[in-house]
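Visitor: This is a predicted model, with the sequence first.
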Amino acid sequence: MKAAPRVQIIDYRLGNVFSIQQACRCAGIDAFVSDSSETLHEVDGLILPGVGAFGNAMASLQQLNLIEPLCDAVAQGKPLMGICLGMQLLFDQSEEFGVHQGLGLLGGQICRIPDQMLAERKLRVPNVGWSEIHFCDRRESEEVLMGIPDGSSMYFVHSYFAQPTDASDGLTTTVYGEIRYCSSVLRNTILGVQFHPEKSADLGLQFYRNWAQGL
Amino acid sequence: MPLPVVRIIPRLDIKGPNLVKGIHLEGLRVLGTPEDYAQHYYEMGADELIYQDVVASLYERNSLHEFISRTAREIFVPLTVGGGLRTLEDISAALAVGADKVSINTAAIRNPELIEQAALQFGSSTIVVAIEAICQPDGSYLAYTDNGREHTGVDAVQWARKAEQLGAGEIIATSVDREGTGDGFDLALTQEIAREVSIPVIAHGGPGCVEQVADVVRAANIDAVAIASIFHYEAVSKMHSSHLGAEEGNTEFLKSGRTSKAITPASIDQLKQHLVGQSIPCRMRAGG
């Protein structure tokens, strides 16, 4: 049996990583939480979590001197999964509370969910709850989606969403009111999910297991 | 164009080692061990869970930590924890043992800045403000604290708006008048609060059958319902045998095997199937 992949959950003081650790344990991932830039190159994979505001997150990563080492590790092919805000940080920039530069690992912008009316009701922002993920064209056979039916429900909490420059980065889309947005991306070893697989019951855990398979 | 999915959230009121259920947040009956119910509801397709320590605020203690950390290892849907959280340190401690969100009521009314500070430190999506409302003779609603015991003089609807402005991520709107009665949600209260804020609103207090859950979803622009009695009285038969040894609290109900007359029990699946039949979208369990 293959040894459990070792994964660093990048600690930059934002967000709660308890459930990510538990999901990793269930998926057979040997995960640890650290803000060390030295271990980034030694592990089998990286998880970039995140709850809160984009600008604060980038400032915190900057303060911990993690931006360059993280981008270097990913450039050298280190698998990275960004979750929620951690997905948004992968892109060029965000319009959340002013324009902020992101990590620039993927081309694209982070935009606010527009105000919408639906059946005479104002749609809530943030969007909190379960929404379906739909596979993008020609992505249905990706390893990370194995055992997860097209249209599965995942748990989301967000006010912003990603618009990748290169549409072929899109892995799944999700509908909220009248908009269909990119709810996950996969480009080579860079994976980003707007939803929280660690809060999405069995199918979310399946997502972790699939990711672990590729490490 | 599909409407967003309504979240179905079993609410577990916890007193010491027991899951309890009262009426108007008082007169608590012991129903079993909260672990059994939490795990059962997770397996049955709960969209989230709420744990409420119903005596923490009264005795100024917080005893849920061990229970949170035990269950959070096995439950992979969001957990909201409330009861007796008074400071940023209390919130931080609850999150560290596995809560995803915290709900605050008493402390937030005493010190509204707590909402602002907590939203800043932990993110708005982590901070749920619980509003326990009681209808007044003039039809307005006032917010109460300490499980509906303490009068605050704060208008419940205005308080919802203020909580949003301070950075709350969601509101739980509880009707103390209806809680535990089976008379249905307080539709006017729920409508008023849901209209007043643009953050998600969770309706709580009163439903005795699945039809009344559909009623509140149709009547008010809510995002979720927190449900105790309907689910607990359905699940209790499955829990009964494991808890006959209870030594603390009012266990007469458990021993008698009676169910409450005002409540028509239903499982999570039965409720969701009913809602879907009424064109109210729900997340159905994978393979269920």
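Guide: Looks like it came in fine. Numbering: from 1, shown residues only, chains lettered A, B, ... in the order given.
Visitor: surely residue A:112 meets residue A:96?
Guide: Yes. The pair residue A:112 / residue A:96 is scored as a contact, 7.1 Å apart, by CB atoms under 8 Å. Any C-beta I mention is one placed from the backbone N, CA and C, and that applies to glycine too.
Visitor: which phi and psi does residue 204 have?
Guide: Since no chain was named, I'll use chain A. Note on residue A:204: backbone dihedrals following degrees, to the nearest 10 are phi -70, psi -40.
Visitor: was after chain B, sorry
Guide: phi -150, psi 140.
Visitor: That one: what's it in contact with?
Guide: B:11, B:172, B:173, B:174, B:175, B:179, B:225, B:226 (CB atoms under 8 Å, 6 or more residues apart in numbering or on different chains).
Visitor: Can you classify the closest residue to it other than its chain neighbours as helix, strand or coil?
Guide: Closest residue to residue B:204 apart from its sequence neighbours, by CB to CB, 6 or more residues apart in numbering or on different chains: residue B:226 at 4.0 Å. With DSSP: H, G, I helix; E, B strand; the rest coil as the basis, residue B:226 sits in strand.
Visitor: repeat for residue B:70
Guide: helix.
Visitor: Quick check: the gap between it and chain A.
Guide: Distance from residue B:70 to chain A, counting by CB to the nearest CB, to the nearest Å: 12 Å.
Visitor: Just list whatever residues bridge to residue 7.
Guide: In the absence of a named chain, chain A is used. residue A:31, residue A:45 (DSSP bridges).
Visitor: sorry, should have said chain B
Guide: Where residue B:7 sits in a bridge, its partners, by DSSP bridges, are residue B:224.
Visitor: Can you name the residues that contact it?
Guide: A:128, A:129, A:130, B:47, B:48, B:202, B:223, B:224, B:225, B:283.
Visitor: For residue B:159, state which of those is nearest.
Guide: Distance to residue B:159 across these (CB to CB) is lowest for residue B:202, with 15.4 Å.
Visitor: returning to that earlier point: what do residue A:112 and residue A:96 both touch?
Guide: Joint contacts of residue A:112 and residue A:96 (CB under 8 Å, 6+ apart) are A:159, A:160.
Visitor: Neighbour count for these two, which is higher?
Guide: residue A:96 (19 against 13; other CB atoms under 10 Å in any protein chain shown).
Visitor: Specify the beta-bridge partners of the most centrally placed residue in chain A.
Guide: Taking CA atoms, centre = their mean, the centroid of chain A lies closest to residue A:83, which sits 2.7 Å from it. Residue A:83 forms beta bridges with residue A:193, as assigned by DSSP bridges.
Visitor: And it, how far from residue B:93?
Guide: Residue A:83 is 23 Å from residue B:93, where distance means CB to CB, to the nearest Å.
Visitor: mind listing the helices for chain A?
Guide: Under the criterion DSSP state H, helices of chain A are mapped to A:18-26, A:54-63, A:67-75, A:85-88, A:201-213.
Visitor: Briefly note if stretch B:75-94 comes near chain A.
Guide: Yes. Using CB under 8 Å from any CB of the partner chain, stretch B:75-94 reaches chain A at B:76, B:77, B:78.
Visitor: who's in contact with the second one?
Guide: This points to residue B:77. So residue B:77 contacts A:155, A:199, A:200, A:201, B:42, B:46, B:47, B:48, B:49 (CB under 8 Å, 6+ apart).
Visitor: just residue B:151 next, same as before
Guide: Here residue B:151 is in contact with B:142, B:144 (CB under 8 Å, 6+ apart).
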